[in-house]
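Trainee: Here you go, sequence then predicted model.
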Amino acid sequence: MHLSKYFLTTINNYDNMKLFGVLGDPISHSLSPVMHNAAFCALGMDCSYHAFRVKPDSLEYAIKGAGALGFGGLNLTIPLKEKALGIVEPTEMAKNIGAVNTVELKNGIVGHNTDGIGAQMALTDRGIGITGKNVLVLGAGGAARAIAFQLAKDGASVTIANRTVERAQALARDVSKIGDVRASGFDGLKEMIRDTDVLINSTSVGMSPNTPGTLVTSDMMHPDLTVFDIVYNPLKTRLLLEAEKAGAATIDGVMMLVYQGAEAFKIWTGISPPVDVMEKAVRDALGSQHNVAGACVGV
Ligand code: ATR
C-alpha cells in the first residue's frame, strides 16, 4: 500500500506526540521498539516507543503511571502478561486466554490480547482462511492458548496436541466454550496430520540454541499442508525445512510477531500500520542480532 495514504490518515486523526512502551523482564531482546518505531516513522507520526524493564511487583504502578504520564499505549511481555489481568479491565478474549499483551490507555485501562489475532492475520496474509479448516496446534502453553481460542472463534476445527496431554485437555476444555476443539498427546501425530490443513507449532521446540529440534518430520507431512512455526529464531526452523521437503507451504514466526504488533498499533491509534515496513524492521533486526533470547511469541 502506498505510504501517502498513511500520511493522510495520520494528519487527520493523530497529531499529538505520544510515548509508547513494552514492559517486561528481561526486555533488552524485545523487537517491539524497532518494529513500532519503524511504523511511526513511515507514517510521519510524532510518536516514540521504548522498552522498560519492570518487575511483576511494580506492574500496577508502571501501567497506572504510564496512563498518568499520557502514554499512548503499552505492550506487556514475560513475566507480566498474566499478572496484568488483575490490574486492567480485560477484554473477553484476554480473559479467556488468561493473559494481556496490549494495554489501551484511552478510555480507562483496557487489557487486550493480540497474539491470537496475530496468528490468524499471518495466515490470512498468505491467503489461508481458517473457517471450516482442520488445524493442529502443537503445544498448550501461553502462545497455544491465544492461538487455539482465536482459531476456535474463527470457526476452525482445532486439535491441540501437547507433550503433557493433561495440559492439552485443560486447554481444550476452556476453548470448547467457544468452538470445536479436541485434545491429544503426541501419539498418532502422523495420522492426525493426514487430515490436517494447517499445522501450527506453538511450542518452543526448534528455538535457538536447540535448532535441530522438531516435533514433526517431512515423512509425516503432505503437500496440501500449511506449516506455521511461531518460533522466529532461527527464521527457518527445522520444522519449516522439513515442511519444504514435503512440499508444504510455510509461514515463519516473524509474521505473528508483526501482526500482533499491528493489531496493538490499531488499538492504540485507530490507524492500520504499514505491515511491510514493520516486517522489514524485524527481519533486519534479526539479521543483525546473533542471539535473540526467548525468540518465540511475544513482543
Ligand atoms: P509459552 O507461554 O511461550 O507458550 P510455555 O507456557 O512454557 O511457554 O509452553 C511451552 C510449550 O512448549 C508447552 O506446550 C510445552 O509442553 P509441556 O506442556 O508438555 O511442557 C512445549 N514444549 C517445550 N519443550 C518441549 C519439548 N522438548 N518437547 C515437546 N514440547 C515441548
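Mentor: On my side now, so go ahead.

Trainee: ok, the residue nearest the centre of the chain - contacts?
Mentor: Centroid check for the chain by CA atoms, centre = their mean gives Asp115 as the closest residue, at 3.4 Å. Contact analysis of Asp115 by CB atoms under 8 Å, 6 or more residues apart in numbering lists Ile97, Ala99, Asn101, Ala143, Ala146, Ile147, Met256, Gln260, Val297. The way it works is simple: take the backbone N, C-alpha and C, and place the C-beta from them, glycine included.

Trainee: Which residue is the nearest non-sequential neighbour of it?
Mentor: What sits nearest to Asp115 in space, not counting adjacent residues and going by CB to CB, 6 or more residues apart in numbering, is Ala146, at 3.6 Å.

Trainee: and that neighbour, what does it touch?
Mentor: Here Ala146 is in contact with Ile97, Ala99, Asn113, Asp115, Gly116, Ala119, Val297 (criterion: CB under 8 Å, 6+ apart).

Trainee: Quick check: the farthest pair among those?
Mentor: Ala99 and Ala119 (14.1 Å; CB to CB).

Trainee: ok, these two, which is more surrounded?
Mentor: Neighbours per residue (other CB atoms under 10 Å) separate Ala99 from Ala119, with Ala119 holding more: 29 against 23.

Trainee: and the residue of the stretch 101-250 of the chain found nearest the ligand, what are its phi and psi?
Mentor: Proximity of the stretch 101-250 of the chain to the ligand (CB to the nearest ligand atom) peaks at Gly141, 2.1 Å away. Main-chain torsions, Gly141, degrees, to the nearest 10: phi -90, psi -160.

Trainee: what's the distance between it and Gly21?
Mentor: As judged by CB to CB, to the nearest Å, Gly141 and Gly21 stand 25 Å apart.

Trainee: In a helix, Gly213, correct?
Mentor: No. According to DSSP: H, G, I helix; E, B strand; the rest coil, Gly213 belongs to no helix; its state is coil.

Trainee: doesn't Val205 make contact with Ile230?
Mentor: No. Ile230 is beyond contact range of Val205, at 10.8 Å (criterion: CB atoms under 8 Å).

Trainee: and these two? which has more neighbours close in?
Mentor: Set Ile230 next to Val205 and count neighbours by other CB under 10 Å: Ile230 wins out with 32 against 20.

Trainee: Now the more buried one: closest residue in space that isn't a chain neighbour?
Mentor: Gly253 (4.7 Å).

Trainee: How many neighbouring residues does that neighbour have?
Mentor: Count around Gly253 with other CB under 10 Å applied: 29.

Trainee: My guess is the residue of the stretch 101-250 of the chain closest to the ligand contacts Ser202. True?
Mentor: Yes. If you go by CB under 8 Å, Gly141 and Ser202 touch, sitting 7.0 Å apart.

Trainee: quick one, which of those two is more surrounded?
Mentor: Legend: neighbour count by other CB under 10 Å for Gly141 and Ser202, higher for Ser202 (29 against 16).

Trainee: From Ala143, how far out is that one?
Mentor: Ser202 is 4 Å from Ala143, where distance means CB to CB.

Trainee: got it, and Gly44?
Mentor: 34 Å.

Trainee: With neighbour numbers in mind, choose between those two.
Mentor: Ala143 (27 against 12).

Trainee: Return the set of buried residues in stretch 43-63.
Mentor: Leu43, Met45, Cys47, Ser48, Tyr49, Ala51, Val54, Leu59, Ala62, Ile63 (16 or more other CB atoms under 10 Å).

Trainee: Can you give me the end-to-end span of it?
Mentor: 26 Å (CA to CA, to the nearest Å).

Trainee: Cheers, nothing more for now.
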